[in-house]
Structures are given as C-alpha cells and as structure tokens.
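Participant: 3D, please:
(chains A and B, ligands or ions: 2)
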Amino acid sequence: MKAIVEMKSMNKFYGTHHVLKDIDLAVTRGEVMVILGASGSGKSTLIRCVNGLEMYQHGSLVVDGFDMPVEADRKLGGERELAQIRKGVGMVFQQFGLFPHKTVLDNITIAPMRVRKKTRVEAEATAMKLLDRVGLTAHAHKYPGQLSGGQQQRVAIARSLAMEPHLMLFDEPTSALDPEMVGEVLDVMRELASSGMTMMVVTHEMGFAREVADRVVYIDQGSILEIGKPEEFFDNPKNERARSFLARVLKH
Amino acid sequence: MIATSIKWTRHNLFGKPFDVVLSLLVIPGLLWLVYSITDWAFASAKWDIVVQSLRVLMIGVFPADQAWRAWTASAIIGAILGAGFGCVFCFKPHHGLVLLLVPALLLIVDGGLTNALPATGIIASTILGWALTSYAPLSRKVLPAAAFTGFIVVVAVMAPPGVGLWGGLLLSVLLTLVTSVLSLPIGILLAFGRQSRLSSLRIISAWYIEVMRSVPLILVVYWIWILMPVLAPQWGLADVARGMIGFTIFYSVYVAEYVRSGLQAVPRAQIEAARSLGMSEFDINRSIVLPQALRVVVAPLVGNVLDIFNSAPLVFIIGLTDFLRAGQMILANPQYGDRTFEVLSFLLVTYFVIGSMITYAARKLEDHMATGTR
Ligand SMILES: Nc1ncnc2c1ncn2[C@@H]1O[C@H](COP(=O)(O)OP(=O)(O)OP(=O)(O)O)[C@@H](O)[C@H]1O
Ligand SMILES: [Mg+2]
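Facilitator: Ligands and ions are numbered 1, 2, ... in the order given. Below you'll find the model as predicted:
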C-alpha cells in the first residue's frame, strides 16, 4: 500500500530549540494513527508540519504526492502551492477555530465555494448532508457562539469534511471540552474512522486510541520512541519512558 | 416615580459628606447657569438673524435662485443617511414626529415657507429612507448601489452653478461623507500594506503613515491644494475636490491605524483554520480577517468620521466656505455686529447635535455588531 504521508529523517527547530528529531514515519491510506506523548513532546508540531502550518528544516516530507519544501526552499508566494495541498488535508483544532462572524452553514460552505469553486446550492446541499452526519442540522443558521463546545467541534469536523479531504489531522480535538461533551465528538471521529478516512490524531483519550487506532506512535522530546499496534503498545510497551507515561495517564 | 427619584438623588448626590458639599456647590451653580442661558435665549437673544441667514449657513454662497439644487441634494443625502441608520436602528413613528419638529419650528419662527419647505423635504426623505431599511430589510441589499447612484446624482445636481460655490453645512457634510467613504478602502489597503510580506510595500506604507501622523491636517490640505494643479494641470480640479483629496490622504492614515489594531486583534488560530481549509491568502484576509477586524474597530472608525466633521472648518485655508466660515461671514456684516452670540450658539448647538448623533450611531452600530457574533 502506498503511503499518503511519508516523513524521512525530518527535523524541526524553533530557533536553536530542536523540537522534532529525525522523524521517520509513514501513514498509509485508510489508516488511523494516534500520536501520544507528554506535553511539549512535539505532537502538535508534528501534525502541523503535515499541512504546512509549521515549517521543518531538514529531511523530507511528502504529503499526498506533494514534496513539502524545507524552510529554506519556501518561496515568497509558496502559499499558493501549500493551499493546493491543504485542499486535500483537513485539520481539526483543540479550540475549534470556527469563524465567529459566519453562521454554521457559511462556515462549512465558504471553503468549498471559494477554493473548489462550487456553487452555493451545491455547497449548501453538501453542508446539510454533513451536518446531518454530525447530528446538527437544526443548528445550520446559528452562529458558533450560540453552540456548546461539543457542537462547535462537530461543526469544525463537518467543515473540514466539506473539502472532501484525503487525510484528516486532529490536534487534541476533545481537550478543550467539558467531560460530558467528549463522547459526542469521539463518536463522530469513530464513525469517520470506520468510513475509511485516513486520520492522524493527537489525543489524550486512551480508550479511543486503543479502540480506533490502527497504529499508535509514542513521541518523547521530539523523537519517536515507539510505534506499533495499540494492543502491543498499551499492554506491553517496550520503552521505559512509554511505560511510565502510560502509568501516569492510565492512573486516572 | 417621585419617590424613586428622591431616593436616586439621596443616594447619588447626597450619599457621602463630600458628595453633599460638592452637590451644594455644583447644583446651584448649574441652576444659575441654566437660568441665565434660558433667560438670554428666550428674553434677550434676537434669533431672527439665524432664521434670515439660514440659507447661507446651510448652503453658503450657493446662488439663491439655484437653491433648489442644494435642497434636492440635501434631501438625497438625508435619504442615504437615514437608510444607513435604519440598517442598525429600527425606525419608530415617534422618531419621525421628533424630526418633523424642525420644519414645524421653522414655520412658526419664520412665518413663511422659504425655510420650512426645504426643511420638510429634507426631513421627509430622511424619514423615508430610515423607514424603508427598517421595515423592508431586503432594501438593505441594494443600499450601497443606491447610495452610490444617489451620490452621483447629488454631484450632478449641484454642479451646474459652479462647484466653487458649494458651501455651508452641506459642504461640511459632503466633505465628511466623501472623506469617510474614500479613506476606508485606502486605510484598509495601507493597514494590510503595513504588514505585507513584500518589504517595499511595507516600508512605503509605514513611511506614509508616519509622515501623515506627524504633520497637521491644515498643512496637508493646503499643500495638496497647491500641488494638485502642478501635478495634474490637465484635470483642472476644483478647490472642493482638492480639499477632499487632502482630507482623504490625511484621514486614511488614521483609518489605517485603527484597522491595524483590529487586524492584530484577530486570533492567529482563525488564520490557521482558514489556511488549513486551503483558502488563499487573499480570501483569508478578505473574508475571515478583515470582517472580524472591522467589527472590533467600528467605534473608533465612526469616531474618526466625527473627527473629520469637526475638522471640516479647516477648509477655509483653501478658500472654501464651510458651516463655521458661513457663520463668520454673516457676522462680518457690520449690520449684524451685535448678534455674535446668537450665531455662535446656533453653530455650537448644531455641531453638538450632529456630533452626538454620530456618537449615538456608533454605539448602536457596535451593539448591532456584537449581537451578530454572539
Ligand atoms: N511557536 C513556538 N516557538 C517556540 N517554541 C515552540 C513554539 N511552539 C511550540 N514550541 C515548543 O516546541 C515543543 C513542542 O511543542 P508542541 O506544541 O508540539 O508540543 P505538544 O506535544 O503538542 O504539547 P501539548 O500536549 O502541550 O500540546 C515545546 O517544547 C514547545 O515549547
Ligand atoms: Mg499540542
């Protein structure tokens, strides 16, 4: 099977701070990859490199057949090429990132209309189908501020899906939510995974990771220490650091 | 009612010993001031001068037999402003009644129709515009186009006697409108230019803003007035147009500074979310960043409009007769030498009324924006 994301000894620095160290990682199509690690280990940075929100300095990164340039090769106006790749890569953020001045429906239709040049009628029809999929048809004409956190995050997922992405990135999608709303968002993600979507998910929801992930990646201080099937990782982690990480997070 | 106001008074004015002392000093002083002003206004002031010179105050030296042109233009402007106001503040019949008091008052004081008739026309069209956008929200969609057309008509109607004759309050209002409308897009472009990735654009914008912020408006206006015929002699621009250009060049910079603070208030996460959807930088700026930035700075931007209006008298430097200058012109007539206070009071009250209306509109607009995002 062909990889949709392929990182080869990818390195990322913030100034002199070495944040990602020789990352080798390949995500195959249809795979759900969960990325685990302590705070500050570089999980967000890793997946933000995939859609070019962050730049890397050494190594190579290929996303959906597109060679992501290293920082030194990024040209002025390179945003246009990046936009090209981002069309096919959805991203869901911890803080939702919905546009507060647009209704739920407009939030979902703006990118398909502007980027994919769909007509309003087409875009709205797709949007309503997606809202139905995440169970929010009744809220189409509300503003994001009128919705609960869980509802906003489901809208954000629908908004990404409207671009018909080949790959979805999730950066702690449930971390900003009240506990009672975590379930509704995970349900949507579970459904998405079973529909065959390729997903890279940063999360602290260990139950979700164990149940949904095809592979789990454990990062510590910018290096991948362990990568494997969830049952292997959770039941007998080979690495000492991973073991203490699991002991810490599974305690509560 | 009385009980609550006594309670309010006791609580707010006589709550602490210091308040008592202050109130005992200030309240009689205020009462005395109000009394003497009222006494002067109704007993000794001779307001006939204001009524007689109303046309000059409103439209300056625009020829009397052509005044209908200026009144028509005023009515169109009234309709546009009313319609704009109606988009954020719903019209109620009692608002109309209050506005109609103006022509009624003129009719009583003047005893004739010379002033009351145009006033009625202007007020009526303002009310119509206001009611239209209040009751028929669909009309709001065509407002920008209608306002633009209306504005062309205003210029076309006013032009024939000579653009150099424009004056009075109408000139002040026109100058304010044109400057506000033109400085908005220019200011927005400057604000984006200032944070552009192209360093040449960034440096030019920064310098332009820096220079304009360090010089006085009156100098910019005078300088542009002198420079335009040298730079573009073939255009033969009228003084009014040159004045408007000077004002726009100057005030764009302030718009840019406000917009820039708005741009900085838009969270970076918004841009990242839009980018991750594959939107182009242009679309992101236009549809995601700018609308949110403008929302934050509506109040200062409207405050800027008030600034423009209050600075309009400076056009005297290029020989134009705005509202304030028209008042001065009247007083220059030795026959009216003893009516200084009457004319100046009228100017003061008019500036105050217009200024507070703009401030009020700004607050309404802000509330309106806030409900949109909630
Ligand atoms: N913009 C930035 N500038 C400088 N350093 C940064 C920046 N963003 C992140 N870092 C640093 O990079 C490292 C990795 O950060 P990252 O956000 O990827 O961690 P994370 O694993 O997502 O952590 P968390 O679980 O807290 O979200 C951290 O040490 C962080 O301090
Ligand atoms: Mg993170």
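
Participant: what's in contact with stretch B:268-277?
Facilitator: A:51, A:53, A:82-83, A:86, A:89-91, A:93, A:95, A:97-99, A:110-111, A:115, A:156, A:159-160, A:163, A:169, B:283-284, B:288-289, B:292 (C-beta atoms under 8 Å, 6 or more residues apart in numbering or on different chains). The C-beta positions use only the backbone N, C-alpha and C, and glycine is treated the same way.

Participant: please repeat the previous calculation with a cut-off of 6 Å.
Facilitator: Defining contact as C-beta atoms under 6 Å, 6 or more residues apart in numbering or on different chains, one finds that stretch B:268-277 is touched by A:51, A:53, A:86, A:91, A:95, A:97, A:111, B:284, B:288.

Participant: so for it, what gets flagged as buried?
Facilitator: By neighbour count, with 16 or more other C-beta atoms under 10 Å in any protein chain shown as the criterion, the buried positions of stretch B:268-277 are B:270-277.

Participant: and of those, the nearest to B:F192?
Facilitator: B:I271 (13.1 Å; C-beta to C-beta).

Participant: quick one: B:G78 from chain A, how far?
Facilitator: In this view, B:G78 and chain A are 31 Å apart by C-beta to the nearest C-beta, to the nearest Å.

Participant: now B:T176
Facilitator: Distance from B:T176 to chain A, by C-beta to the nearest C-beta: 28 Å.

Participant: what sits against that residue?
Facilitator: By C-beta under 6 Å, 6+ apart, the contact list for B:T176 reads B:308-309.

Participant: what's the helix or strand for whichever residue of chain B sits closest to chain A?
Facilitator: Residue nearest to chain A within chain B: B:A273 (3.1 Å; C-beta to the nearest C-beta). Element membership for B:A273, per DSSP states H and E: helix B:268-276.

Participant: now do B:N12
Facilitator: With DSSP H and E as the criterion, the answer for B:N12 is helix B:2-13.

Participant: tell me which helix or strand comes right after that helix.
Facilitator: helix B:17-39.

Participant: and the contacts of that following helix?
Facilitator: The list of residues contacting helix B:17-39 from outside it, by C-beta under 6 Å, 6+ apart, reads B:13-14.

Participant: gap between the helix holding B:A273 and the chain center?
Facilitator: 36 Å (C-alpha atoms, centre = their mean, to the nearest Å).

Participant: can you check stretch A:22-34 too?
Facilitator: 12 Å.

Participant: does that stretch reach ligand 1?
Facilitator: No: on the criterion C-beta under 6 Å from any ligand atom, stretch A:22-34 is out of touch with ligand 1, staying 11.9 Å away.

Participant: in the stretch 101-250 of chain B, which spans are helices?
Facilitator: B:116-135, B:143-158, B:168-194, B:199-214, B:217-231, B:239-265 (DSSP state H, counting those that start in this stretch).

Participant: so which of those helices is nearest A:N11?
Facilitator: Of all the helices of the stretch 101-250 of chain B, helix B:199-214 sits nearest to A:N11, with 28.6 Å by C-beta to C-beta.

Participant: tell me the helices and strands packed up against the closest one.
Facilitator: helix B:168-194, helix B:239-265 (3 or more C-beta pairs under 6 Å, 6 or more residues apart in numbering or on different chains; DSSP states H and E).

Participant: about what we covered before: just the angle for the helix holding B:N12 relative to helix B:17-39, thanks.
Facilitator: In terms of direction (axes from the mean of the first three to the mean of the last three C-alpha atoms, to 10 degrees), helix B:2-13 departs from helix B:17-39 by 110 degrees.

Participant: just the buried residues of helix B:2-13, please?
Facilitator: For helix B:2-13, the buried set under the neighbour-count rule, 16+ other C-beta under 10 Å, is empty.

Participant: of all the residues in the stretch 1-150 of chain B, which one is nearest ligand 1?
Facilitator: B:V88 (39.7 Å; C-beta to the nearest ligand atom).

Participant: ok so, going back, just the buried residues from the contacts of stretch B:268-277, in PyMOL please.
Facilitator: Buried members of these, defined by 16+ other C-beta under 10 Å, are picked up in PyMOL with:
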select buried, (chain A and resi 51+53+86+91+95+97+111) or (chain B and resi 284+288)
